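Chemist: Take this sequence and fold it.
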Amino acid sequence: QLQLVESGGGLVQPGGSLRLSCAASGFSLDYSVIGWFRQAPGKERERVSCISSSDGSTNFADSVKGRFTISRDNAKNTVYLQMNSLKPEDTGVYYCAAALYYCSGPWVYWGQGTQVTVSS
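Modeler: Alright, predicted model coming up:
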């Protein structure tokens with residue numbers, strides 16, 4: 001079965017950190033573009049970061065630049081999203097998704113999401 005599974009979400013105070021994981025099963029992430037998305041209540045889903053398969057290049061939404069990093073461990077078939085200096089506006093359900101070629105998609109596989117809540 002082909003699937004992506006996110007983990008690592010939780011409740012954290014403003015200024016804190018979390019590391020999200022996106023683990024793949026049934027296919028290799030080596031040749032996949034991986035994106036992290038989030039959706040806050042009442043808002044549209046937005047892409048926060050993406051990492052390419054070819055050269056490992058990354059990009060980030062302006063709202064998270066300098067605070068989030070994305071990395072991949074092909075041996076573990078996992079992509080990580082390290083989130084530092086978290087703000088309440090980072091709250092939402094975080095999803096990872098896989099595309100074949102581009103960070104613009106189309107996104108072929110989606111995980112089930114993990115909740116991130118930033119609150120004091």
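Chemist: Now do the end-to-end distance for stretch 102-116.
Modeler: One end of stretch 102-116 sits 26 Å from the other (Cα to Cα, to the nearest Å).
Chemist: tell me which residues in it are buried?
Modeler: Neighbour-count burial for stretch 102-116 flags 103, 107, 109, 111, 113-114, 116 (criterion: 16 or more other Cβ atoms under 10 Å). C-betas here are computed from N, CA, C, even on glycine.
Chemist: Next step: these restricted to strands.
Modeler: Among those, the ones falling in strands (DSSP state E) are 107, 109, 114, 116.
Chemist: Could you identify the most distant pair in the residues you listed?
Modeler: Taking Cβ to Cβ as the measure, these span a maximum distance of 20.6 Å, between Tyr109 and Val116.
Chemist: closest to Phe60 among the buried residues of stretch 102-116?
Modeler: Comparing the buried residues of stretch 102-116 against Phe60 with Cβ to Cβ places Cys103 closest, at 10.7 Å.
Chemist: Without its sequence neighbours, what residue ends up closest to the closest one?
Modeler: Distances taken as Cβ to Cβ, 6 or more residues apart in numbering put Cys50 closest to Cys103, at 3.7 Å, once the chain neighbours are dropped.
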